[in-house]
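1. build me a model:
(one chain, ligands or ions: 2)
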Amino acid sequence: MSLALVKEIRRVRDTYQSASPMAVIGDNPVEFAASVGLTPDPYQADMLTSQHPRKILLWSRQSGKSTVGALLATHKALVSAGTTTLVVAPSEDQAKELFRKCRQFVAEARIVNRSETQTGLELVNGSRIVVRAAIERTTRGYAVDLLIVDEAAQVDDQAYFALRPSLMRTRGDQILLSTPRGRRGFFSDLWHGDNEWEKSRITADDASVDRDLLDREREELHPQWFLQEYYCQFMNRENQVFTDEIVHGAMRGSHAPADLGGIWL
Ligand SMILES: Nc1ncnc2c1ncn2[C@@H]1O[C@H](COP(=O)(O)OP(=O)(O)OP(=O)(O)O)[C@@H](O)[C@H]1O
Ligand SMILES: [Mg+2]
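-> Ligands and ions are numbered 1, 2, ... in the order given. Purely as a prediction, here's the structure:
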């Protein structure tokens with residue numbers, strides 16, 4: 001190959017790389033969102049720009065949680081070469097819903113993939129986004145730079161605890177996205193715990209949720225369910241006669257059967 005040809009190949013490659021969208025995506029995920037046609041709501045922008053390594057987004061239904069997760073996953077993959085972002089949810093289908101948004105953002109940004117499947121993609125910079133159901137046997141074995149847990153309140157404790165070691169060597173970040181689902185399990189414990197997580201609570205009043213539809217939900221849903229789904233209330237289980245505290249106390253023996261009103265059998 002002649003020297004002139006080698007120089008020409010280099011020139012074309014350098015021109016392509018400097019013009020490639022990946023080369024011009026900056027550090028700010030809000031600007032990245034704008035570049036793919038999305039204007040984040042202020043509460044979304046706060047979480048997109050937060051540098052905190054461990055975040056809990058306790059947000060109302062349809063407030064844009066998965067969208068924020070997808071923006072952060074995609075932005076991380078684009079700007080941090082060679083990283084692995086793991087997206088999990090109680091079922092693979094739920095995780096794929098978030099991943100569908102990632103694929104859309106990658107396409108909007110006109111980024112070329114090295115490979116893509118229904119459950120993951122790899123960019124030309126070597127970064128990966130991997131999608132799994134939060135089931136212990138499918139999530140072991142990764143070294144993860146960013147862990148995103150969608151619908152986190154419905155993920156089993158065992159699956160979540162098995163995921164945490166995958167962040168050790170990488171000192172990876174975590175983002176938990178959810179509406180509440182009862183005052184039990186790791187999500188409730190981390191939210192209520194005195195710890196160093198950044199916690200964001202957005203109810204339907206703060207979010208861009210249609211007011212008329214919200215009023216209809218208020219009229220038609222069981223009040224406990226409505227408060228849980230739209231006002232981020234950690235309720236005791238549906239139709240439960242006793243509070244979790246009393247039931248757990250009884251299990252530990254700190255409440256005598258008589259404390260349960262004589263109904264304890
Ligand atoms: N900033 C935004 N601008 C316009 N549309 C948005 C924005 N954020 C989210 N959406 C849209 O709002 C809808 C709900 O978003 P998303 O699925 O992210 O919410 P969610 O809180 O995860 O919902 P769910 O509680 O059902 O899981 C989607 O159609 C999404 O595309
Ligand atoms: Mg969602």
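2. can you pull the residues of the stretch 1-150 of the chain lying near ligand 1?
-> 38-41, 44, 59, 61-67 (Cβ under 6 Å from any ligand atom). Heads up, the C-betas are built off the backbone N, CA and C, glycines and all.
3. SS state for the closest residue to ligand 2 within the stretch 51-200 of the chain?
-> Nearest residue of the stretch 51-200 of the chain to ligand 2: Ser66, at 3.3 Å (Cβ to the ion). Put simply, Ser66 is helix when judged by DSSP: H, G, I helix; E, B strand; the rest coil.
4. that one against Ala95, yeah?
-> No. The pair Ser66 and Ala95 does not pass the contact test of Cβ atoms under 8 Å, sitting 9.7 Å apart.
5. which residues of this structure score low on pLDDT?
-> 1, 6, 9-23, 237-265 (pLDDT under 70).
6. could you pull out the helices for this structure?
-> Along the chain, counting by DSSP state H, helices occupy 3-19, 21-24, 29-35, 42-49, 65-79, 92-108, 136-139, 157-163, 185-192, 211-220, 223-231, 244-252.
7. and the fourth one, what does it pack against?
-> Secondary-structure packing of helix 42-49 (3 or more Cβ pairs under 8 Å, 6 or more residues apart in numbering; DSSP states H and E): helix 29-35, strand 54-59, helix 65-79, strand 198-202.
8. give the contact list for Val36.
-> 104-105, 108-109 (Cβ atoms under 8 Å, 6 or more residues apart in numbering).
9. want to try JSON lines for these, with neighbour count as columns?
-> Formatted as JSON lines, the contacts of Val36 follow (neighbours: other Cβ atoms under 10 Å):
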{"residue": "Gln104", "neighbour count": "15"}
{"residue": "Phe105", "neighbour count": "23"}
{"residue": "Glu108", "neighbour count": "15"}
{"residue": "Ala109", "neighbour count": "18"}
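10. which single one of the residues you listed is nearest to ligand 1?
-> Gln104 (9.1 Å; Cβ to the nearest ligand atom).
11. got a list of what that closest one touches?
-> Contact partners of Gln104, counting by Cβ under 8 Å, 6+ apart, are 36, 70.
12. from Pro42, how far out is it?
-> According to Cβ to Cβ, to the nearest Å, Gln104 stands 23 Å off from Pro42.
13. how long is stretch 113-124 from one end to the other?
-> Start and end residues of stretch 113-124 are separated by 6 Å (Cα to Cα, to the nearest Å).
14. in it, what counts as buried?
-> Across stretch 113-124, burial judged by 16 or more other Cβ atoms under 10 Å covers 119-123.
15. restricted to strands, list those.
-> In strands, judged by DSSP state E, the following of the buried residues of stretch 113-124 are found: 120-123.
16. any chance of those in JSON lines, plus distance to ligand 2?
-> Shown next, in JSON lines, are those (distance: Cβ to the ion, whole Å):
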{"residue": "Gly120", "distance to ligand 2": "19"}
{"residue": "Leu121", "distance to ligand 2": "19"}
{"residue": "Glu122", "distance to ligand 2": "24"}
{"residue": "Leu123", "distance to ligand 2": "24"}
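17. tell me the one among these nearest to ligand 1.
-> Leu121 (19.0 Å).
18. isn't that closest one up against Ile111?
-> No. Using Cβ under 8 Å, Leu121 is not in contact with Ile111, being 9.5 Å away.
19. just give the nearest non-adjacent residue to Leu163, would you?
-> Thr139 (5.3 Å; Cβ to Cβ, 6 or more residues apart in numbering).
20. how much space between Asp150 and Asp157?
-> 16 Å.
21. ok, Trp225 next?
-> Counting by Cβ to Cβ - Trp225 and Asp157 are separated by 23 Å.
22. again, but for Ala45
-> 32 Å.
23. who's more crowded, the two?
-> Ala45 (16 against 12; other Cβ atoms under 10 Å).
24. OK, contacts around the nearest residue to the more buried one once chain neighbours are set aside?
-> The shortest distance from Ala45 to any non-neighbouring residue, by Cβ to Cβ, 6+ apart, is to Val30 (5.1 Å). Contact analysis of Val30 by Cβ under 8 Å, 6+ apart lists 40, 45, 48-49.
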